[in-house]
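Trainee: give me a model of this one.
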Amino acid sequence: MPLPDEAWRTAPVACSLAGDGVRERAAAWHELVAGAARAGIDAGVRLTLPVERVGRVAELAAAEQRCCPFFGFRLRLDGPRLHLEVRAPAEGRGLLGELFGGGERSTG
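Mentor: Modelled structure (predicted):
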């Protein structure tokens with residue numbers, strides 16, 4: 001059984017958005033994470049961004065979690081930097097890569 005903060009591991013890989021909603025959400029993520037440094041982590045990617053983006057990142061991550069519960073998000077503040085970790089089960093890694101860029105290193 002997954003830990004309480006890892007419900008993404010067993011969530012169905014499905015998105016409740018359709019059509020323009022999907023395109024608009026992807027565009028919002030692409031704009032928000034533009035220029036981020038990326039590093040592979042277990043089951044996902046860590047993006048490092050300017051801390052000034054924390055409000056928008058948190059807002060968009062919360063919206064994403066509602067339509068795509070198979071994504072797991074963690075935000076960590078580190079001085080002038082924001083580290084956004086995004087994880088997905090193996091079946092959702094393609095979408096993770098499309099939205100957040102490369103960096104996946106593990107299937108676990």
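Trainee: now residue 96: which helix or strand?
Mentor: helix 93-100 (DSSP states H and E).
Trainee: which elements pack onto that helix?
Mentor: Secondary-structure packing of helix 93-100 (3 or more Cβ pairs under 8 Å, 6 or more residues apart in numbering; DSSP states H and E): helix 20-32, strand 44-50, strand 81-87. Just so you know, the C-beta spots here come from the backbone N, C-alpha and C atoms, and that holds for glycine as well.
Trainee: any idea how far the residue nearest the centre of the chain is from residue 23?
Mentor: With distances taken as Cα atoms, centre = their mean, residue 86 lies nearest the centre of the chain, 3.6 Å away. For residue 86, the distance to residue 23 equals 19 Å [Cβ to Cβ, to the nearest Å].
Trainee: related to what we said a few turns ago, now the helix holding residue 96: mean pLDDT?
Mentor: On average, the pLDDT along helix 93-100 is 92.
Trainee: which of the residues in it are buried?
Mentor: 93, 95-96, 99-100 (16 or more other Cβ atoms under 10 Å).
Trainee: ok, stretch 23-36 next?
Mentor: 25, 28-29, 32-33, 36.
Trainee: where does pLDDT dip in this structure?
Mentor: 1-5, 102-108 (pLDDT under 70).
Trainee: at 90 instead, please
Mentor: Counting by pLDDT under 90, the chain has low-confidence residues at 1-19, 21-22, 101-108.
Trainee: rewinding a little: and of the buried residues of helix 93-100, the nearest to residue 47?
Mentor: residue 100 (6.3 Å; Cβ to Cβ).
Trainee: contacting residues around that closest one?
Mentor: Contact analysis of residue 100 by Cβ atoms under 8 Å, 6 or more residues apart in numbering lists 29, 33, 38, 44-45, 47, 86.
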